[in-house]
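Enquirer: Sequence below, structure please.
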Amino acid sequence: MSEKHGTLSIDSDNLFPIIKKWLYSDHDIFYRELISNGCDAITKLKKLDMMGECALPSDYKGKISVLVNPEEKTIKIIDNGLGMTADEVEEYISRIAFSGATDFIEKYKDKSNDDQIIGHFGLGFYSAFMVADEVTINTLSYQDGATPVFWSCDGGTEYEMKDGDRTEVGTEITLHLNEDCLEFANEYRAREIIEKYCSFMPTEIYLAKENAPEEYETIDKADRLDTDRVIEEIHEEAKTEEREKEDGTKETVEVSPASDKLKIVKRPVALNDIHPLWAKNPNDCTDEEYKAFYRKVFLDYKEPLFWIHLNMDYPFNLKGILYFPKINTEYESIEGKIKLYNNQVFIADNIKEVIPEFLMLLKGVIDCPDLPLNVSRSALQNDGFVRKISEYITKKVADKLIGLCKTDKENYEKYWDDISPFIKFGCLKDGKFCDKMNDYILFKDINDKYLTLPELLVPVEEPEGETETKPEESADNEEKKQETVYYVTDKVQQSQYINLFKEQGLNAVILDQAIDTSFITQLEQRNEHYRFARVDAEMTDTLKDDSNDTNLEEETKALSELFKKVLNNDKLTVTVEALKNAEIASVLTLSEQGRRMQDMMKMYAAGGMGAMDFNMFAADQTLTLNANNELVQYIFKHSDSEHVPTFVEQLYDLAVLANQPLSPEAMTKFVNRTNKIMLLLAK
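Expert: Residues are numbered from 1 along each chain as shown. Alright, predicted model coming up:
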């Protein structure tokens with residue numbers, strides 16, 4: 001065969017069914033696309049009027065009417081925009097994928113930039129064929145002497161175009177629905193969809209059921225508008241009632257004065273708000289407006305804690321409002337919602353490419369006309385640009401939180417319990433956010449005070465009367481005190497340790513959320529100058545009695561052998577220390593890293609990683625016996641007594657109970673043993 005060159009051919013008979021069936025994942029999207037086209041037509045006409053290329057009446061008001069007719073199985077979408085000539089219908093409708101919006105912007109880009117054109121693609125019109133067997137267009141251009149045009153297509157590649165009969169400038173699109181899509185002609189279903197996608201489009205949208213009987217309302221005569229159609233004038237006489245005075249006589253009192261009212265055809269109410277709050281200057285918005293907007297959009301009648309108004313023009317256009325809802329729960333169960341808009345047209349909820357994952361816990365709206373959307377506007381095309389948008393949003397959130405902490409610490413503390421899961425999740429998911437927030441993360445301590453990390457790391461002042469240390473020793477001690485932040489995971493279970501800390505003037509913070517194990521590990525990795533340790537992780541020197549300089553080597557060896565033998569636990573480490581509080585007999589400590597590993601494994605298992613043996617990750621236990629305690633001294637001196645094994649078991653279980661719940665088997669033995677001890681005392 002001889003060499004041959006040519007071009008690939010595309011069969012439109014195969015292409016068109018693909019476009020109309022698979023262009024959009026949701027069939028209800030056609031409402032958004034066709035109404036968006038109507039908004040564009042009105043915006044274009046206003047621009048042409050501003051530039052002197054056409055003259056609009058002084059009372060011109062752009063609007064879009066949606067008429068549903070379930071009996072006729074039709075939907076009409078009517079706008080009073082600039083309309084189309086036959087050539088424009090041929091160019092923008094009959095030639096698939098030619099973007100009228102792009103063409104218009106290119107032509108007039110240097111003349112006006114006050115209003116945005118919504119449309120990016122010429123394919124939006126064809127979304128109508130996802131639900132309709134036939135689509136017709138009846139349009140009249142604004143141009144002088146224009147002839148109305150009628151265009152129709154039954155979903156194939158054939159279309160008909162001829163002179164139309166429209167007398168008003170604008171476009172009327174009629175969809176003859178197929179049998180599978182009759183739901184879209186239902187007035188209530190249509191309202192639901194339009195409010196979902198078009199609640200903030202820049203042109204007023206009205207919905208009505210075609211041929212429905214007129215509805216009426218009564219207004220005061222003084223409130224009449226030029227557009228009202230009066231059905232009846234009503235005069236209401238003054239209303240009076242008889243009342244008894246203090247002296248027992250009666251008088252007639254006017255309850256309501258005479259009034260003149262009008263019965264009018266019910267005024268249509270737009271489904272959308274053409275001036276959404278996010279489009280306004282933050283300085284022009286009141287707190288009540290922010291709260292009302294939150295209630296309206298998210299149907300949440302609990303007031304948000306606070307909000308961030310995003311308003312950016314360079315290097316990209318982005319506006320929006322992010323609300324911090326009242327959470328006060330674990331982050332896994334939080335369900336936020338951030339609505340993404342493009343030129344006031346709803347795109348989708350929670351698009352992860354634009355909204356950082358941890359911000360999904362918030363509620364809000366973001367409008368970014370510069371988003372590089374694909375044809376169906378449901379996905380993004382430019383990762384680098386979108387990443388910059390995401391980073392900007394994260395930065396603004398961090399700046400707001402830091403500003404609150406610096407200038408309104410009282411309210412910041414008040415919000416903290418609600419917003420802490422969000423901030424901790426953000427620190428885990430975004431390193432830059434974590435670094436910015438590092439010094440503004442609050443920790444609630446065992447005295448119910450809120451402290452930042454810098455405040456926690458301030459050296460503890462020595463009690464008066466302590467022996468003065470040398471300068472170099474002081475520096476060493478300060479560094480040592482700064483390097484450990486103690487924490488509590490359960491205030492009730494670990495109350496013994498908390499009391500020990502309070503007695504010695506030590507502090508610890510409360511970390512009782514599931515996310516905290518991962519969170520503090522992240523903080524340690526990014527801050528080498530400190531570490532976190534649970535209050536039961538080690539026996540701090542501050543708790544020990546420095547005045548007791550007795551060598552406890554003999555007691556440690558003897559009691560270690562005794563406890564391991566009685567408890568049948570060779571892995572248990574037993575030490576003897578002189579503690580300041582003589583009432584404490586025994587304290588159990590667990591290695592920090594071992595316990596964290598065990599906690600992490602439990603969390604992964606709860607997340608669906610399957611069953612596993614947690615004993616293989618068990619933290620190393622150390623039982624510290626108090627040499628200053630009389631019972632410990634008795635056990636050491638009377639190790640051969642018949643009751644010592646009972647005391648040993650009881651001391652160990654008491655130490656475990658102060659740390660964590662006993663196993664069912666151990667609890668049963670503990671109760672029986674306690675009864676036995678009380679019986680001995682009774683004798």
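
Enquirer: got the contact list for the top helix by length along the chain?
Expert: Across the chain, the longest stretch assigned as helix under DSSP state H is helix 383-407. The contact list for helix 383-407, computed with CB atoms under 8 Å, 6 or more residues apart in numbering, reads 306, 308, 310, 312, 315-316, 318, 322, 353-356, 359, 366, 368, 370-372, 380, 411-412, 415, 419, 423, 426, 430, 432-433, 436-437, 440, 442, 452. In this view, the C-beta of every residue, glycine as well, is placed from N, C-alpha and C.

Enquirer: what about the strands in the stretch 301-450 of the chain?
Expert: Applying DSSP state E, counting those that start in this stretch to the stretch 301-450 of the chain gives strands spanning 306-312, 318-324, 337-342, 345-349, 363-367, 442-444, 450-452.

Enquirer: which one of the ones you listed lies closest to residue 632?
Expert: Nearest to residue 632, of all the strands of the stretch 301-450 of the chain, is strand 442-444, at 34.6 Å by CB to CB.

Enquirer: can you list the weak-confidence ranges in this protein?
Expert: Residue ranges of the chain with pLDDT under 70: 1-25, 95-123, 327-336, 372-383, 458-482, 548-549, 602-619.

Enquirer: still on that earlier bit, now do the longest helix of the chain against strand 337-342, angle only.
Expert: Orientation of helix 383-407 against strand 337-342 (axes from the mean of the first three to the mean of the last three CA atoms, to 10 degrees) gives an angle of 130 degrees.

Enquirer: mind listing what's buried in helix 383-407?
Expert: 386, 389-390, 392-394, 396-398, 400-401, 404-405 (16 or more other CB atoms under 10 Å).

Enquirer: Likewise for stretch 284-299?
Expert: Counting neighbours by 16+ other CB under 10 Å, one finds that the buried residues in stretch 284-299 are 285, 290, 293, 294, 297, 298.

Enquirer: And those residues, which is closest to residue 136?
Expert: Checking the buried residues of stretch 284-299 against residue 136 with CB to CB, the nearest one is residue 297 at 35.3 Å.

Enquirer: Would you confirm that the closest one contacts residue 365?
Expert: Yes: contact criterion CB atoms under 8 Å: residue 297 and residue 365 qualify, at 6.7 Å.

Enquirer: Which neighbours do those two have in common?
Expert: Both residue 297 and residue 365 are contacted by residue 339, under the criterion CB under 8 Å, 6+ apart.

Enquirer: Please name the bridge partners of residue 339.
Expert: residue 349, residue 365 (DSSP bridges).

Enquirer: Can you give me every residue that contacts it?
Expert: Contacts of residue 339 (CB under 8 Å, 6+ apart): 297, 346, 348, 349, 364, 365, 366.

Enquirer: how many other residues sit next to residue 211?
Expert: 9 (other CB atoms under 10 Å).

Enquirer: Return the distance of it relative to residue 70.
Expert: Here residue 211 is placed at a distance of 10 Å from residue 70 (CB to CB, to the nearest Å).

Enquirer: quick revisit: tabulate the strands of the stretch 301-450 of the chain (TSV), appending distance to residue 503.
Expert: Listed next are the strands of the stretch 301-450 of the chain as TSV, based on distance: least, CB to CB, whole Å:
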stretch	distance to residue 503
strand 306-312	39
strand 318-324	38
strand 337-342	48
strand 345-349	52
strand 363-367	45
strand 442-444	20
strand 450-452	20
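
Enquirer: what's the closest of those strands to residue 92?
Expert: Closest of the strands of the stretch 301-450 of the chain to residue 92 is strand 345-349, at 18.9 Å (criterion: CB to CB).

Enquirer: what's the offset of that closest one from the middle of its chain?
Expert: Strand 345-349 sits 15 Å away from the centroid of its parent chain (CA atoms, centre = their mean, to the nearest Å).

Enquirer: Next one: the most centrally placed residue in the chain from residue 435, what distance?
Expert: Nearest to the mean C-alpha position of the chain, counting by CA atoms, centre = their mean, stands residue 362 at 1.9 Å. Computed as CB to CB, the residue 362 to residue 435 distance reads 20 Å.

Enquirer: before we move on, what about residue 640?
Expert: From residue 640 to residue 435 the distance is 61 Å (CB to CB).

Enquirer: what about those two, which has more around it?
Expert: For the pair residue 640 and residue 435, the greater number of neighbours falls to residue 435 (13 against 6), based on other CB under 10 Å.

Enquirer: looking at it, that one is touching residue 526, isn't it?
Expert: Yes: when contacts are counted by CB under 8 Å, residue 435 is listed as touching residue 526 (6.7 Å).

Enquirer: re earlier: which members of the buried residues of stretch 284-299 are positioned in helices?
Expert: Among the buried residues of stretch 284-299, DSSP H puts 290, 293, 294, 297, 298 in helices.

Enquirer: thought the last one was touching residue 349?
Expert: No: at 11.0 Å, residue 298 does not count as touching residue 349 under the criterion of CB under 8 Å.

Enquirer: list the residues that contact both of the two?
Expert: Between them, residue 298 and residue 349 share these contacting residues under CB under 8 Å, 6+ apart: residue 337.

Enquirer: beta partners for residue 579?
Expert: Listed beta-bridge partners, residue 579: residue 544 (assigned using DSSP bridges).

Enquirer: tell me the SS of residue 201?
Expert: Assigned by DSSP: H, G, I helix; E, B strand; the rest coil, the conformation of residue 201 is coil.

Enquirer: isn't it right up against residue 342?
Expert: No: contact between residue 201 and residue 342 fails when scored by CB under 8 Å: they sit 11.0 Å apart.

Enquirer: So these two - more neighbours on which side?
Expert: With neighbours defined as other CB under 10 Å, residue 201 and residue 342 compare such that residue 201 has more, 27 against 20.

Enquirer: State the phi and psi torsions of that one.
Expert: The phi and psi torsions at residue 201 (degrees, to the nearest 10) take the values phi -60, psi 150.

Enquirer: how far away is it from residue 271?
Expert: Using CB to CB, residue 201 is found at 9 Å from residue 271.

Enquirer: got it, and residue 584?
Expert: Taken as CB to CB, the span from residue 584 to residue 271 is 70 Å.

Enquirer: ok, the two, which is more surrounded?
Expert: For residue 584 versus residue 271, the count of surrounding residues by other CB under 10 Å is larger for residue 584: 22 against 19.

Enquirer: hang on, the more buried one in a strand?
Expert: No: applying three-state DSSP, one finds residue 584 to be coil, outside a strand.

Enquirer: how many neighbours does the residue nearest to it when sequence neighbours are not counted have?
Expert: Leaving aside its chain neighbours, residue 584 sits nearest to residue 626 (5.3 Å; criterion: CB to CB, 6 or more residues apart in numbering). The local packing of residue 626 (other CB under 10 Å) involves 25 other residues.

Enquirer: Check the one 3 residues further on too.
Expert: Neighbouring residues of residue 629 were enumerated by other CB under 10 Å; the total is 19.

Enquirer: which residues touch it?
Expert: Counted by CB under 8 Å, 6+ apart, residue 629 has contacts 579, 582, 583, 584, 585.

Enquirer: let's see 10 Å
Expert: 578, 579, 581, 582, 583, 584, 585, 586, 635, 651 (CB atoms under 10 Å, 6 or more residues apart in numbering).

Enquirer: cool, and residue 517?
Expert: Contact partners of residue 517, counting by CB under 10 Å, 6+ apart, are 489, 511, 532, 595, 596, 597, 598, 599, 600, 602, 603.
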